[in-house]
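Pasting the sequence and the predicted coordinates here, then a few questions.
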Amino acid sequence: MKMKPVGKTGLEISEIGFGTAPLGEMPDTYGYSVDEATARAALHAIFDGPVNLMDTSRNYGLGRSEQRIGDAIRERGGLPAGFVLSTKLDRDMQTGRFDGARARRSFEESLGALGLDHVQMLHLHDPEHALDLTEITRKGGALDMLFQLKAEGLATSVGLAMGRLDIMLPLVKAWPFDVVLSHNRYSLLNRSADALFDYARSKDMTVINAAPYAGGVLAKGSAQVSKITYQDVDAAKLEPVRRIEQICAAHGIAPGAPALQFSLHDPRIASTVVGVSRAERVAQTLRWADQAISAETWAELRALAYETTDPEAERVYRPG
């Protein structure tokens, strides 16, 4: 497993990370449930493997993701040495408030659920869904609190994790983040994060690309999943997925392998975060990372058209 530095923080992260939103029991988002036993097995599979990056959030499953991770950490007697746990400051999910005081409360809630006294990576999360963006950006707001928590030694590195690029890029240009995390916006289907990734790397910010399977459809297949980026879609919108599947079928490989490697091979990206719902997905991810893919296959896949617009522009956000 290749390791990459996180800015000048002293941290190193594996080229693959695992996202734990599905393990927080979010059927409204993913279309399926994950019980505690299944989540526990997946978490221990992650901790037992070569990947050292796990990403979660205070609002994944309204706290269930962090709680389940914390339970697994306690079962193991603590976070494994060298492991990088990434979590996020989140708005109040009832009111949408996201001022500095709310940001600190979010962090304190995270530490309580995880059973930790600090985290290795801490992001400000989803400001586009907050009640008032100025609560986040003003003096004493949530962004100031993010950097204050780092100054207090409670977070080793700090970043910005969100969707909308029209809000994200100006924030990245205005604040000295160690890391940026974008999801669903750099994949075989969509390249809208190109400018963000170019800018971040030019400023030595570590880039994490999450959701290379466009919400799961490139991993599980269009016959099983009728959602792209967590949104129900019709047959016409699934057609780009089917074209990828046809190419992969002709070359005898699963679409998940090139979908993952497309991100892994990009020199701007330090780590690719893949959401998992059970232990078997952990092993499958590692196999796909090593899958041999011919130059001919890559040429056919790269010749396909792709989107550059916001893939979640019409998404109705649900935290469950």
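Looks like it arrived, so ask away. Predicted model, so just to flag it, every value in this text is computed and none were measured. Numbering: from 1, shown residues only.

any idea how far F18 is from A223?
Here F18 is placed at a distance of 25 Å from A223 (C-beta to C-beta, to the nearest Å). C-beta coordinates here come from the backbone N, C-alpha and C atoms, glycine included.

Looking at the two, which has the bigger crowd around it?
Legend: neighbour count by other C-beta atoms under 10 Å for F18 and A223, higher for F18 (25 against 9).

Does anything pack onto the helix or strand hosting I208? Which helices or strands?
Assigned by DSSP states H and E, I208 belongs to strand 206-210. With contacts taken as 3 or more C-beta pairs under 8 Å, 6 or more residues apart in numbering; DSSP states H and E, strand 206-210 sits against strand 16-19, strand 155-162, strand 179-183, helix 194-202, strand 269-275.

what is the mean pLDDT for the third one?
Spelled out, it's strand 179-183. Strand 179-183 carries an average pLDDT of 98.

go on, the last one?
Along strand 269-275, the predicted local confidence has a mean pLDDT of 98.

Please state the mean pLDDT value computed over the lengthiest helix in the chain.
In the chain, assigned by DSSP state H, the helix with the most residues is helix 235-251. If you average the pLDDT over helix 235-251, you get 97.

cool, stretch 152-165 as well?
Stretch 152-165 carries an average pLDDT of 98.

Could you give the separation of that stretch from the chain centroid?
12 Å (C-alpha atoms, centre = their mean, to the nearest Å).

Repeat that for stretch 171-191.
Per C-alpha atoms, centre = their mean, the centroid offset for stretch 171-191 relative to its chain is 10 Å.

just to revisit the earlier point, among the helices and strands packed on strand 206-210, which comes closest to A305?
Of all those, helix 194-202 sits nearest to A305, with 15.1 Å by C-beta to C-beta.

who does the closest one touch, helix- and strand-wise?
The contact analysis (3+ C-beta pairs under 8 Å, 6+ apart) places helix 194-202 against helix 165-174, strand 179-183, strand 206-210.

element containing L79, please.
Assigned by DSSP H and E, L79 falls within no helix or strand.

For it, which non-adjacent residue is spatially closest?
Excluding the flanking residues, the one nearest L79 by C-beta to C-beta, 6 or more residues apart in numbering is I73, at 5.4 Å.

if I pick the one you found, what's in contact with it?
Contacts for I73 were tallied using C-beta atoms under 8 Å, 6 or more residues apart in numbering; they are L79, L114, G115, L116.
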